[in-house]
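[1] what follows is a predicted protein model with its sequence.
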Number of protein chains: 2
Amino acid sequence: MISQKSKYALKALAVLAREYGKGPMLISEIANQEKIPRTFLELILLELKNQGLLHSRKGRGGGYFLAKPPQSISVGQILRMTGGPLALLPCVSKTAYRRCEECHDERTCGIRLVMKEVRDATAKILDATTLADLVKRGQLAALGRDALEFSI
Amino acid sequence: MISQKSKYALKALAVLAREYGKGPMLISEIANQEKIPRTFLELILLELKNQGLLHSRKGRGGGYFLAKPPQSISVGQILRMTGGPLALLPCVSKTAYRRCEECHDERTCGIRLVMKEVRDATAKILDATTLADLVKRGQLAALGRDALEFSI
DNA sequence: AAATAGTCTAGTAAATCACTTGACTTAATC
DNA sequence: GATTAAGTCAAGTGATTTACTAGACTATTT
(Lines give C-alpha, C1' and ligand atoms only; values in the text may rest on other atoms or scores of the structure.)
Protein backbone atom coordinates (compact mmCIF):
# COMPACT_ATOMS: atom_id res chain seq x y z
CA MET A 1 0.00 0.00 0.00
CA ILE A 2 1.09 3.53 -0.66
CA SER A 3 0.78 6.16 2.07
CA GLN A 4 -1.86 8.86 2.32
CA LYS A 5 0.97 11.24 1.64
CA SER A 6 1.70 9.64 -1.73
CA LYS A 7 -1.96 9.54 -2.60
CA TYR A 8 -2.45 13.19 -1.68
CA ALA A 9 0.61 14.08 -3.74
CA LEU A 10 -0.84 12.32 -6.77
CA LYS A 11 -4.20 14.02 -6.32
CA ALA A 12 -2.67 17.44 -5.89
CA LEU A 13 -0.39 17.03 -8.88
CA ALA A 14 -3.27 15.80 -11.00
CA VAL A 15 -5.13 19.01 -10.18
CA LEU A 16 -2.08 21.09 -11.03
CA ALA A 17 -1.73 19.15 -14.27
CA ARG A 18 -5.32 19.96 -15.18
CA GLU A 19 -4.63 23.64 -14.58
CA TYR A 20 -1.20 23.62 -16.19
CA GLY A 21 -0.38 26.87 -17.94
CA LYS A 22 -3.00 28.90 -16.09
CA GLY A 23 -0.69 30.38 -13.46
CA PRO A 24 -0.17 29.47 -9.80
CA MET A 25 -2.79 27.75 -7.70
CA LEU A 26 -3.33 28.17 -3.97
CA ILE A 27 -2.58 25.37 -1.53
CA SER A 28 -5.95 25.93 0.03
CA GLU A 29 -7.71 25.73 -3.30
CA ILE A 30 -6.12 22.37 -4.02
CA ALA A 31 -6.84 21.23 -0.47
CA ASN A 32 -10.49 22.18 -0.81
CA GLN A 33 -10.96 20.61 -4.20
CA GLU A 34 -9.44 17.32 -3.15
CA LYS A 35 -10.46 17.35 0.52
CA ILE A 36 -6.88 17.09 1.68
CA PRO A 37 -5.96 18.44 5.15
CA ARG A 38 -4.45 21.76 4.30
CA THR A 39 -1.45 21.83 6.63
CA PHE A 40 -0.47 18.34 5.62
CA LEU A 41 -0.69 19.30 1.97
CA GLU A 42 1.66 22.21 2.67
CA LEU A 43 4.35 19.78 3.75
CA ILE A 44 3.82 17.56 0.77
CA LEU A 45 3.93 20.33 -1.82
CA LEU A 46 6.97 21.85 -0.19
CA GLU A 47 8.80 18.56 -0.41
CA LEU A 48 7.86 18.16 -4.06
CA LYS A 49 9.09 21.67 -4.66
CA ASN A 50 12.42 20.93 -3.00
CA GLN A 51 12.77 17.96 -5.30
CA GLY A 52 12.29 20.20 -8.29
CA LEU A 53 8.88 18.99 -9.40
CA LEU A 54 7.03 22.16 -8.48
CA HIS A 55 7.67 25.88 -8.48
CA SER A 56 5.97 28.35 -6.19
CA ARG A 57 5.40 32.06 -5.77
CA LYS A 58 4.95 33.74 -2.43
CA GLY A 59 2.67 36.60 -1.58
CA ARG A 60 -0.58 37.72 -3.11
CA GLY A 61 -1.33 36.03 -6.40
CA GLY A 62 1.13 33.32 -5.47
CA GLY A 63 0.73 29.58 -5.23
CA TYR A 64 2.11 26.42 -6.74
CA PHE A 65 2.54 25.25 -10.31
CA LEU A 66 4.21 22.36 -12.11
CA ALA A 67 7.86 22.88 -13.00
CA LYS A 68 7.47 20.74 -16.13
CA PRO A 69 4.66 19.84 -18.50
CA PRO A 70 2.30 17.11 -17.25
CA GLN A 71 3.32 14.66 -19.96
CA SER A 72 6.89 14.63 -18.65
CA ILE A 73 6.04 13.72 -15.05
CA SER A 74 5.37 10.05 -14.36
CA VAL A 75 3.37 8.50 -11.56
CA GLY A 76 6.38 6.34 -10.75
CA GLN A 77 8.54 9.42 -10.20
CA ILE A 78 5.99 10.91 -7.84
CA LEU A 79 5.65 7.76 -5.77
CA ARG A 80 9.40 7.48 -5.40
CA MET A 81 9.69 11.12 -4.36
CA THR A 82 7.04 10.75 -1.69
CA GLY A 83 8.62 7.64 -0.26
CA GLY A 84 6.00 5.35 -1.73
CA PRO A 85 7.44 1.86 -2.16
CA LEU A 86 7.06 0.36 -5.62
CA ALA A 87 8.59 -2.95 -4.55
CA LEU A 88 6.87 -5.45 -2.28
CA LEU A 89 10.16 -6.31 -0.58
CA PRO A 90 13.10 -4.04 0.28
CA CYS A 91 15.51 -6.50 -1.35
CA VAL A 92 14.02 -5.81 -4.79
CA SER A 93 13.65 -2.06 -4.42
CA LYS A 94 15.89 0.14 -6.53
CA THR A 95 15.44 3.33 -4.54
CA ALA A 96 15.09 1.80 -1.07
CA TYR A 97 17.19 -1.32 -1.32
CA ARG A 98 17.94 -3.22 1.86
CA ARG A 99 18.95 -6.82 2.03
CA CYS A 100 16.87 -9.24 4.07
CA GLU A 101 18.70 -9.95 7.31
CA GLU A 102 17.73 -13.58 7.37
CA CYS A 103 18.25 -14.41 3.70
CA HIS A 104 20.91 -17.04 3.05
CA ASP A 105 21.60 -16.10 -0.54
CA GLU A 106 19.81 -13.35 -2.32
CA ARG A 107 20.76 -14.66 -5.73
CA THR A 108 19.00 -17.96 -5.26
CA CYS A 109 15.98 -16.79 -3.26
CA GLY A 110 12.90 -17.86 -5.19
CA ILE A 111 10.71 -15.41 -3.32
CA ARG A 112 12.95 -12.57 -4.33
CA LEU A 113 12.85 -13.61 -7.99
CA VAL A 114 9.06 -13.47 -8.05
CA MET A 115 8.94 -10.19 -6.19
CA LYS A 116 11.39 -8.74 -8.66
CA GLU A 117 9.11 -9.77 -11.47
CA VAL A 118 6.25 -7.95 -9.76
CA ARG A 119 8.35 -4.90 -9.12
CA ASP A 120 9.39 -4.69 -12.75
CA ALA A 121 5.82 -5.06 -13.98
CA THR A 122 4.68 -2.37 -11.54
CA ALA A 123 7.47 0.01 -12.47
CA LYS A 124 6.78 -0.49 -16.15
CA ILE A 125 3.19 0.65 -15.75
CA LEU A 126 3.84 3.47 -13.32
CA ASP A 127 6.80 4.90 -15.20
CA ALA A 128 4.87 4.84 -18.45
CA THR A 129 1.90 6.69 -17.00
CA THR A 130 2.20 10.47 -16.83
CA LEU A 131 0.14 13.13 -15.13
CA ALA A 132 -1.25 13.98 -18.55
CA ASP A 133 -2.44 10.37 -18.92
CA LEU A 134 -4.00 10.50 -15.49
CA VAL A 135 -6.01 13.58 -16.38
CA LYS A 136 -6.99 12.24 -19.76
CA ARG A 137 -8.14 8.92 -18.39
CA GLY A 138 -10.23 10.66 -15.78
CA GLN A 139 -11.86 12.81 -18.42
CA LEU A 140 -12.53 9.86 -20.69
CA ALA A 141 -14.13 7.93 -17.85
CA ALA A 142 -16.31 10.94 -17.03
CA LEU A 143 -17.40 11.25 -20.66
CA GLY A 144 -18.24 7.58 -20.79
CA ARG A 145 -20.32 7.94 -17.69
CA ASP A 146 -22.17 10.98 -19.00
CA ALA A 147 -22.88 9.21 -22.26
CA LEU A 148 -24.25 6.32 -20.29
CA GLU A 149 -26.50 8.51 -18.19
CA PHE A 150 -27.77 10.22 -21.31
CA SER A 151 -28.61 6.95 -22.97
CA ILE A 152 -30.76 5.84 -20.04
CA MET B 1 5.70 -3.41 0.93
CA ILE B 2 4.59 -6.67 2.45
CA SER B 3 5.02 -7.28 6.17
CA GLN B 4 7.69 -9.39 7.83
CA LYS B 5 4.87 -11.71 8.71
CA SER B 6 3.99 -12.31 5.06
CA LYS B 7 7.63 -12.76 4.16
CA TYR B 8 8.17 -15.26 6.98
CA ALA B 9 5.05 -17.12 5.89
CA LEU B 10 6.39 -17.40 2.35
CA LYS B 11 9.78 -18.59 3.56
CA ALA B 12 8.30 -21.16 5.91
CA LEU B 13 5.90 -22.47 3.29
CA ALA B 14 8.69 -22.69 0.75
CA VAL B 15 10.61 -24.89 3.18
CA LEU B 16 7.56 -27.07 3.76
CA ALA B 17 7.07 -27.28 0.01
CA ARG B 18 10.63 -28.49 -0.41
CA GLU B 19 9.99 -31.17 2.20
CA TYR B 20 6.52 -32.03 0.95
CA GLY B 21 5.66 -35.68 1.37
CA LYS B 22 8.37 -36.33 3.96
CA GLY B 23 6.15 -36.03 7.03
CA PRO B 24 5.74 -33.23 9.56
CA MET B 25 8.43 -30.66 10.24
CA LEU B 26 9.09 -28.91 13.55
CA ILE B 27 8.40 -25.22 13.99
CA SER B 28 11.84 -24.84 15.50
CA GLU B 29 13.48 -26.56 12.57
CA ILE B 30 11.83 -24.17 10.13
CA ALA B 31 12.66 -21.24 12.39
CA ASN B 32 16.32 -22.25 12.53
CA GLN B 33 16.66 -22.89 8.84
CA GLU B 34 15.13 -19.56 7.88
CA LYS B 35 16.29 -17.54 10.88
CA ILE B 36 12.75 -16.61 11.80
CA PRO B 37 11.97 -15.74 15.47
CA ARG B 38 10.47 -18.95 16.72
CA THR B 39 7.54 -17.64 18.77
CA PHE B 40 6.51 -15.33 15.99
CA LEU B 41 6.60 -18.18 13.52
CA GLU B 42 4.30 -20.17 15.82
CA LEU B 43 1.63 -17.52 15.42
CA ILE B 44 2.03 -17.39 11.70
CA LEU B 45 1.85 -21.12 11.13
CA LEU B 46 -1.13 -21.41 13.42
CA GLU B 47 -2.98 -18.80 11.43
CA LEU B 48 -2.16 -20.55 8.18
CA LYS B 49 -3.38 -23.77 9.70
CA ASN B 50 -6.66 -22.18 10.75
CA GLN B 51 -7.11 -21.04 7.20
CA GLY B 52 -6.72 -24.58 5.99
CA LEU B 53 -3.36 -24.27 4.28
CA LEU B 54 -1.45 -26.37 6.77
CA HIS B 55 -2.06 -29.43 8.90
CA SER B 56 -0.27 -30.21 12.11
CA ARG B 57 0.36 -33.02 14.55
CA LYS B 58 0.98 -32.56 18.24
CA GLY B 59 3.31 -34.51 20.46
CA ARG B 60 6.51 -36.34 19.66
CA GLY B 61 7.03 -36.83 15.94
CA GLY B 62 4.64 -33.96 15.33
CA GLY B 63 5.01 -30.74 13.43
CA TYR B 64 3.56 -28.96 10.44
CA PHE B 65 3.02 -29.99 6.85
CA LEU B 66 1.25 -28.62 3.80
CA ALA B 67 -2.42 -29.50 3.47
CA LYS B 68 -2.16 -29.51 -0.33
CA PRO B 69 0.56 -30.17 -2.88
CA PRO B 70 2.94 -27.24 -3.47
CA GLN B 71 1.78 -26.72 -7.05
CA SER B 72 -1.74 -25.94 -5.88
CA ILE B 73 -0.77 -23.15 -3.45
CA SER B 74 -0.09 -19.76 -4.99
CA VAL B 75 1.98 -16.92 -3.63
CA GLY B 76 -1.02 -14.65 -4.09
CA GLN B 77 -3.14 -16.83 -1.82
CA ILE B 78 -0.49 -16.77 0.88
CA LEU B 79 -0.11 -13.02 0.79
CA ARG B 80 -3.86 -12.52 1.05
CA MET B 81 -4.07 -14.91 3.99
CA THR B 82 -1.35 -13.13 5.88
CA GLY B 83 -2.90 -9.74 5.36
CA GLY B 84 -0.35 -8.71 2.78
CA PRO B 85 -1.85 -6.08 0.48
CA LEU B 86 -1.57 -6.80 -3.22
CA ALA B 87 -3.09 -3.46 -4.17
CA LEU B 88 -1.33 -0.15 -3.78
CA LEU B 89 -4.57 1.57 -2.77
CA PRO B 90 -7.47 0.23 -0.68
CA CYS B 91 -9.95 1.35 -3.33
CA VAL B 92 -8.58 -1.20 -5.82
CA SER B 93 -8.13 -4.07 -3.41
CA LYS B 94 -10.43 -7.05 -3.79
CA THR B 95 -9.85 -8.54 -0.35
CA ALA B 96 -9.41 -5.32 1.62
CA TYR B 97 -11.57 -2.89 -0.31
CA ARG B 98 -12.24 0.48 1.28
CA ARG B 99 -13.30 3.56 -0.60
CA CYS B 100 -11.17 6.68 -0.37
CA GLU B 101 -12.92 9.12 1.94
CA GLU B 102 -11.96 12.12 -0.07
CA CYS B 103 -12.62 10.76 -3.54
CA HIS B 104 -15.31 12.56 -5.50
CA ASP B 105 -16.12 9.76 -7.88
CA GLU B 106 -14.35 6.46 -7.84
CA ARG B 107 -15.45 5.60 -11.35
CA THR B 108 -13.70 8.58 -12.89
CA CYS B 109 -10.60 8.73 -10.69
CA GLY B 110 -7.61 8.50 -13.01
CA ILE B 111 -5.32 7.51 -10.16
CA ARG B 112 -7.56 4.61 -9.31
CA LEU B 113 -7.58 3.40 -12.90
CA VAL B 114 -3.81 3.23 -13.01
CA MET B 115 -3.58 1.57 -9.61
CA LYS B 116 -6.09 -0.99 -10.75
CA GLU B 117 -3.91 -1.77 -13.74
CA VAL B 118 -0.99 -2.31 -11.38
CA ARG B 119 -3.02 -4.47 -9.06
CA ASP B 120 -4.19 -6.66 -11.89
CA ALA B 121 -0.67 -7.10 -13.23
CA THR B 122 0.58 -7.94 -9.73
CA ALA B 123 -2.21 -10.41 -9.05
CA LYS B 124 -1.66 -12.08 -12.39
CA ILE B 125 1.96 -12.83 -11.53
CA LEU B 126 1.41 -13.79 -7.91
CA ASP B 127 -1.61 -15.98 -8.55
CA ALA B 128 0.21 -17.78 -11.32
CA THR B 129 3.26 -18.53 -9.18
CA THR B 130 2.99 -21.54 -6.89
CA LEU B 131 5.12 -22.79 -4.04
CA ALA B 132 6.41 -25.44 -6.43
CA ASP B 133 7.54 -22.70 -8.83
CA LEU B 134 9.22 -20.86 -5.97
CA VAL B 135 11.24 -23.94 -5.02
CA LYS B 136 12.08 -24.77 -8.61
CA ARG B 137 13.24 -21.28 -9.39
CA GLY B 138 15.44 -21.25 -6.33
CA GLN B 139 17.00 -24.55 -7.34
CA LEU B 140 17.54 -23.40 -10.91
CA ALA B 141 19.24 -20.24 -9.72
CA ALA B 142 21.47 -22.29 -7.42
CA LEU B 143 22.42 -24.61 -10.27
CA GLY B 144 23.21 -21.70 -12.51
CA ARG B 145 25.44 -20.28 -9.83
CA ASP B 146 27.28 -23.54 -9.24
CA ALA B 147 27.83 -24.01 -12.95
CA LEU B 148 29.25 -20.51 -13.05
CA GLU B 149 31.61 -21.17 -10.17
CA PHE B 150 32.79 -24.35 -11.81
CA SER B 151 33.53 -22.61 -15.07
CA ILE B 152 35.78 -20.04 -13.40
C1' DA C 1 4.12 -40.46 33.89
C1' DA C 2 7.29 -37.95 31.35
C1' DA C 3 8.60 -35.69 27.49
C1' DT C 4 7.56 -33.59 23.17
C1' DA C 5 5.02 -30.48 20.38
C1' DG C 6 1.56 -27.53 18.97
C1' DT C 7 -2.35 -23.88 20.88
C1' DC C 8 -3.96 -19.72 22.62
C1' DT C 9 -4.47 -15.27 25.05
C1' DA C 10 -2.22 -11.27 26.41
C1' DG C 11 0.84 -7.87 26.47
C1' DT C 12 4.36 -4.54 24.88
C1' DA C 13 8.26 -1.73 22.87
C1' DA C 14 9.36 0.62 18.88
C1' DA C 15 8.31 2.57 14.72
C1' DT C 16 5.56 4.88 11.51
C1' DC C 17 1.84 7.64 9.99
C1' DA C 18 -0.97 11.36 9.55
C1' DC C 19 -1.33 14.90 10.88
C1' DT C 20 -1.18 20.05 13.90
C1' DT C 21 1.01 24.21 15.87
C1' DG C 22 3.16 28.24 15.62
C1' DA C 23 6.62 31.30 14.43
C1' DC C 24 8.83 33.15 10.17
C1' DT C 25 9.71 34.99 5.37
C1' DT C 26 8.52 37.03 1.04
C1' DA C 27 5.81 39.58 -2.15
C1' DA C 28 2.02 42.33 -3.79
C1' DT C 29 -1.23 46.02 -3.07
C1' DC C 30 -3.37 50.02 -0.86
C1' DG D 1 5.42 51.68 4.28
C1' DA D 2 1.83 49.24 6.39
C1' DT D 3 -1.14 45.64 5.60
C1' DT D 4 -2.47 41.44 3.84
C1' DA D 5 -1.77 37.34 1.30
C1' DA D 6 0.78 33.64 0.58
C1' DG D 7 4.39 30.01 1.06
C1' DT D 8 8.37 28.06 4.56
C1' DC D 9 10.05 25.42 8.20
C1' DA D 10 10.99 23.10 12.64
C1' DA D 11 8.83 20.61 16.26
C1' DG D 12 5.67 18.04 18.36
C1' DT D 13 1.91 14.59 19.03
C1' DG D 14 -1.81 11.05 19.17
C1' DA D 15 -3.20 6.90 17.11
C1' DT D 16 -2.19 2.84 14.89
C1' DT D 17 0.44 -0.91 13.41
C1' DT D 18 4.20 -4.00 13.56
C1' DA D 19 6.92 -7.36 15.24
C1' DC D 20 7.48 -9.46 18.34
C1' DT D 21 7.60 -12.09 23.71
C1' DA D 22 5.64 -14.51 27.84
C1' DG D 23 3.38 -17.85 29.86
C1' DA D 24 -0.07 -21.02 30.73
C1' DC D 25 -2.53 -24.84 28.38
C1' DT D 26 -3.60 -29.07 25.51
C1' DA D 27 -2.70 -33.16 22.94
C1' DT D 28 0.20 -37.14 21.69
C1' DT D 29 3.74 -40.46 21.92
C1' DT D 30 6.91 -43.44 24.40
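    Structure's in. What do you need?

[2] surely residue A:67 meets residue A:52?
    Yes: Residue A:67 is in contact with residue A:52 according to Cβ atoms under 8 Å; the separation is 6.1 Å. For glycine as for every other residue, the C-beta is placed from the backbone atoms N, C-alpha and C.

[3] comparing the two, which shows the higher neighbour count?
    residue A:67 (15 against 10; other Cβ atoms under 10 Å in any protein chain shown).

[4] quick check: that one vs DNA strand C, distance?
    Remark: distance between residue A:67 and DNA strand C (Cβ to the nearest atom of the strand, to the nearest Å) = 16 Å.

[5] need the nearest residue in space to that residue, chain neighbours excluded.
    Nearest residue to residue A:67 in three dimensions, chain neighbours excluded: residue A:55, at 5.0 Å (Cβ to Cβ, 6 or more residues apart in numbering or on different chains).

[6] state the helix or strand in which residue A:64 lies.
    Using DSSP states H and E, the element containing residue A:64 is strand A:63-66.

[7] next helix or strand past that strand?
    Counting by DSSP H and E, what follows strand A:63-66 is helix A:75-81.

[8] what's residue A:59 sitting at in phi/psi?
    Dihedral pair for residue A:59: phi 70, psi 180, per degrees, to the nearest 10.

[9] pLDDT score for it?
    Reading off the confidence values, residue A:59 has pLDDT 92.

[10] for the one 3 residues further on, same thing?
    Listed pLDDT for residue A:62 reads 95.

[11] ok, it - contacts?
    A:24, A:26, A:56 (Cβ atoms under 8 Å, 6 or more residues apart in numbering or on different chains).

[12] now it: how far from residue A:17?
    As judged by Cβ to Cβ, to the nearest Å, residue A:62 and residue A:17 stand 19 Å apart.

[13] before we move on, what about residue A:114?
    Distance from residue A:114 to residue A:17, by Cβ to Cβ: 34 Å.
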